[in-house]
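In: next comes the sequence, and after it the predicted model I'd like to discuss.
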Amino acid sequence: MPNQLSIPFKRTYIIPIRQAVRDYILAHYRDTHPDAYRWDIGHWEKLRAEATTGSVHIERVYALISYHAQLVFILTKLPADIGLEIPYAPAFDSSALPLSLNNLIYERACVVFNLAALYSQLGGAEDRSKPEGLKQAIKFYQSAAGALGYLHDSVLPQLHSSIGQDDPPSELTGAFIKSLEFLMLAQAQECVWQRAVMDNYKNGLIAKLAAKVASFYGSAHEHMRSSSSTKRALPAFWTAHLETKSLHFQAAAQYRKSLEDLEAHHYGFEVARLTEAHALAKRGYDTARRGGVAQPVLQDIKSLLDILQKNISRAERDNDLIYHQDVPPPSALPPIAEVTMAQPLTDLGLQDVKSAVGTDAVIFGELLGWGARVAIEIYNDRRHNWIAEEIQGRAQRLDDMMSSTLETLNLPAVLDALDRPIGLPPSLLKKAEEVRLESGPERIETYIRDVQALAAHVSSLLDEAMDILDQEADEDEILREGRHVIERPPSLEANKDLIAKEKQYRAVLEQARESDAHVRTKWEEWEDSIVQLTWSEADLERSVPSSTVSWGERSGSMDPTRAHARALRALLEQLDDLSKTRAEIVAKVDRLASSDDITQRISKAASAMEQWVNVQPAMFEDVLDDELCKYDKYRVQLEENGQKQDEMLDAVKKRHTQFVRSRKEDGVVKDREHALQSLDLAYHKYREILRNLEEGQKFYNDFSAILSEFRALCKDFASARRDEASTLARRVGQLTLSNRAAVEQLAEQAHADEQAPLVSSDPETSTAETTTHELRAALDLPPPDSDEWETMDLPQAPAPSTPRRVQPARKVGRSAQKGR
């Protein structure tokens, strides 16, 4: 086994390139068929097969670089995510499942990784015992480092931005790739050091080369330890290998520097450097043994350790017996300058991908790039949004402004009342027919009755809930009238939350009653007018004052009202013409947009760009802006149309003011107009009343469910209080029975004492007799249900230790609230 490491390949599998590309082209290219790119798809499959299979041979380098170059060009035509799942197994764990990503940049990164792995394996296969083998190994290791550096600087940023920085593949993180790059440089520098030793270079130069080898291995080790994911991705012995190598060449550098000091008669420095080298080699040897490194690596550092041990013994003996020079501490030793001979060598095929393709045709050379296609989609979206805002939206705003102004002036309804004095407006007839078919008044009356019934039902629910609380409060008062102290809060405190809710519900009901009264008042005010809408057309027309006589009786053709009416009608016709013109402008823009296709112009602009450039949509901004300019004339036409409309509306307002002023003296027309407006308003009031009643009906239905729940809550509260009272009563009863049994036991004991002979005249005996008589008197009590209690003289009761209730808790239910 060699004493250097090689990077294994990332294994992959056959992927359905043909199906994925066909599906993507069919989905995103309307004027292109996948069959036109059969050669491109086949060539892609062929290049991938050549790059991902084969043995470790120098010719495979060309296959990998050529495939990478084609991938770079493919990514200028297709986005990274075309629906093609690409699997690659971890390089350092052959038993792990492959990681699949829908990302062509992932394929490119793995290809470059395998190129670096191929170079490292070619370098490891060289015979480094010969100068030519060392030369080739140095070249391959530097090329591996160059490929890894290219992967780190040029490919990984694109990969991480396309899949997100949070969870990149562990073998394609920046720290992992940088660690492998420093490893390849370390092994190349080690080959340079080996060649210098083989050619008997000066010890000082060999020491400087060894110091740089140690530095490269140390950098690789530091990057590997920088993250847990990087450390887990590599075999366990790799970490020990890198640390052992770094310590080995630090010791080798100190050893070669000690030989230079020996030649310069610096015997104290020689001993110090040998001591430092021995300590480093000892650490490296221990690390190698514990880390399970390859046997050649362990043997190398063991040999160096033996050499250092022999030289330390000789140098210390000579210095102690002959030279007597001071031995400086390790911190006082001058550092060894490093000489860097290994540099990353990036293949020309990676730096200039065009050179790697050569005379071979590029894949999808005739396909419109994804950047250009996205630019077309951006243009279509931008055009759609621009038309919707600047043309359609502006035209709609102008129409709305005109309609709002005319509606405020009650035009053309006012003119219809003048131009059609006989007959009713069609809109009014339609509204009257609607009310008549719906049996409007009867419908309203039915709604009112239903709402009143629901209101009564809801009120009864709330009253029932309060009756439940009142009954519970009465029961609590009765319970508290007994002689025993009841250890529970009175109803006034226990049901305060329920009473608070009842007040809220009562307030809501009061507001609802006010709203119902307001709706009924509104119905009473408008009932006659709404009933009038249910009349037949002839009766309805007769009820509206006619202006026929008024106009017929007028003399002269210069009546001011008629003159103003004719002027208003002319202005309204001009406004209608402006509205039609706007509609024509919008239609023209829609027709132009439906036939607008900038694919050819974008394709021409894309073909003028450099072939290997990754075309981005932002590169076509000038083309998009220029294409949108052809719609600017329609915006100008709309602006002019809007200015004319503003002038027309100002004229309409002035003429309408004059028209209204002239009509003030025409009583018949005013009455007719008032009658028509009243009927129209009656229809709206009819709809408003219906809507109010429907809302009221829905409110009472919803509120009924709420109050039903509230009533159930009151029932549960009363039931819980009754259960609690029953429990307290049982406890008091049990206590009474216990006391009665104790009294009877004491009475029996006193009776037994009476039967005993009294033979002593001692004072103590007299005292006992007195006590016995008092006890008998105390125990000689009538039964609890005896009438003797009414005639007995009882002793004064002791003062209570706790304040007594002065009055029972008052009721807090509905009846109490009514009293307040």
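Out: Nice, I can see it. Numbering: from 1, shown residues only.
In: now residue 275: closest residue in space that isn't a chain neighbour?
Out: Distances taken as Cβ to Cβ, 6 or more residues apart in numbering put residue 312 closest to residue 275, at 6.5 Å, once the chain neighbours are dropped. For glycine as for every other residue, the C-beta is placed from the backbone atoms N, C-alpha and C.
In: what residues of the host helix or strand of the one you found count as buried?
Out: Using DSSP states H and E, residue 312 sits in helix 295-318. Using 16 or more other Cβ atoms under 10 Å as the test for burial, helix 295-318 gives 297-298, 300-301, 304-305, 307-308, 311-312, 315-316.
In: before we move on, back to that, so the residue nearest to residue 275 touches residue 273, yeah?
Out: No: the criterion here is Cβ atoms under 8 Å, and residue 312 misses it with residue 273 at 10.1 Å.
In: tell me which other helices or strands the longest helix along the chain touches.
Out: The helix that spans the most residues within the chain, counting by DSSP state H, is helix 667-755. Contacts defined by 3 or more Cβ pairs under 8 Å, 6 or more residues apart in numbering; DSSP states H and E place helix 667-755 against helix 413-419, helix 426-437, helix 440-480, helix 491-494, helix 496-532, helix 548-553, helix 763-779.
In: okay if I get these as a markdown table plus distance to residue 374 and mean neighbour count?
Out: As requested, these are arranged in a markdown table below (distance: least, Cβ to Cβ, whole Å; neighbours: other Cβ atoms under 10 Å):
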| stretch | distance to residue 374 | mean neighbour count |
| --- | --- | --- |
| helix 413-419 | 54 | 19 |
| helix 426-437 | 52 | 15 |
| helix 440-480 | 60 | 18 |
| helix 491-494 | 72 | 18 |
| helix 496-532 | 59 | 15 |
| helix 548-553 | 69 | 12 |
| helix 763-779 | 109 | 12 |
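In: out of the ones you listed, which gets nearest to residue 263?
Out: Closest to residue 263 of the helices and strands packed on helix 667-755, according to Cβ to Cβ: helix 496-532, at 101.7 Å.
In: how far off helix 440-480 does that closest one point, in degrees?
Out: 160 degrees (axes from the mean of the first three to the mean of the last three Cα atoms, to 10 degrees).
In: what average pLDDT does helix 496-532 get?
Out: Averaged over helix 496-532, pLDDT sits at 89.
In: likewise for stretch 466-479?
Out: 85.
In: distance from the chain centre to it, please.
Out: Between the centre of stretch 466-479 and the centre of its chain there are 55 Å (Cα atoms, centre = their mean, to the nearest Å).
In: for residue 677, find the nearest of the helices and strands packed on helix 667-755.
Out: helix 413-419 (8.4 Å).
In: ok, back up a step: quick one: contacts for the residue nearest to residue 275?
Out: Residues near residue 312 by Cβ atoms under 8 Å, 6 or more residues apart in numbering: 271, 274-275, 278.
In: let's see if you can find the most crowded of those.
Out: Neighbours here mean other Cβ atoms under 10 Å. Within those, the largest count is held by residue 274, at 29 neighbours.
In: so where's the chain uncertain?
Out: For the chain, the stretches flagged by pLDDT under 70 are 1, 165-166, 369-370, 417-422, 482-486, 546-559, 606-616, 665-670, 735-820.
In: run a quick neighbour tally on the nearest residue to residue 434 once chain neighbours are set aside.
Out: Spatial nearest neighbour of residue 434, excluding adjacent residues (Cβ to Cβ, 6+ apart): residue 683 at 7.8 Å. By the measure other Cβ under 10 Å, the count of residues near residue 683 is 21.
In: cool, residue 662 as well?
Out: Residue 662 - counted by other Cβ under 10 Å - has 16 other residues nearby.
In: and the closest residue to it other than its chain neighbours, how many neighbours?
Out: Nearest non-adjacent residue to residue 662, counting by Cβ to Cβ, 6+ apart: residue 560, 4.1 Å away. When counting by other Cβ under 10 Å, one arrives at 14 neighbours for residue 560.
In: roughly how far does residue 560 sit from residue 163?
Out: 80 Å (Cβ to Cβ, to the nearest Å).
In: same question for residue 318.
Out: Counting by Cβ to Cβ, the gap from residue 318 to residue 163 is 64 Å.
In: over to residue 632?
Out: For residue 632 relative to residue 163 (Cβ to Cβ), the value is 42 Å.
In: quick one: residue 650 from residue 641, how far?
Out: 15 Å.
In: my bad, should have said residue 277
Out: Following Cβ to Cβ, the distance that separates residue 277 from residue 641 is 94 Å.
In: now do the longest helix of the chain against helix 496-532, angle only.
Out: If you take the same axes, to 10 degrees, helix 667-755 sits at 160 degrees to helix 496-532.
In: now helix 667-755, how far from the centre of its chain.
Out: 45 Å.
In: cool, stretch 97-106 as well?
Out: With Cα atoms, centre = their mean, you get 26 Å for stretch 97-106.
In: give me the buried stretch members for it, please.
Out: So for stretch 97-106, counting by 16+ other Cβ under 10 Å, buried means 99, 101, 103-106.
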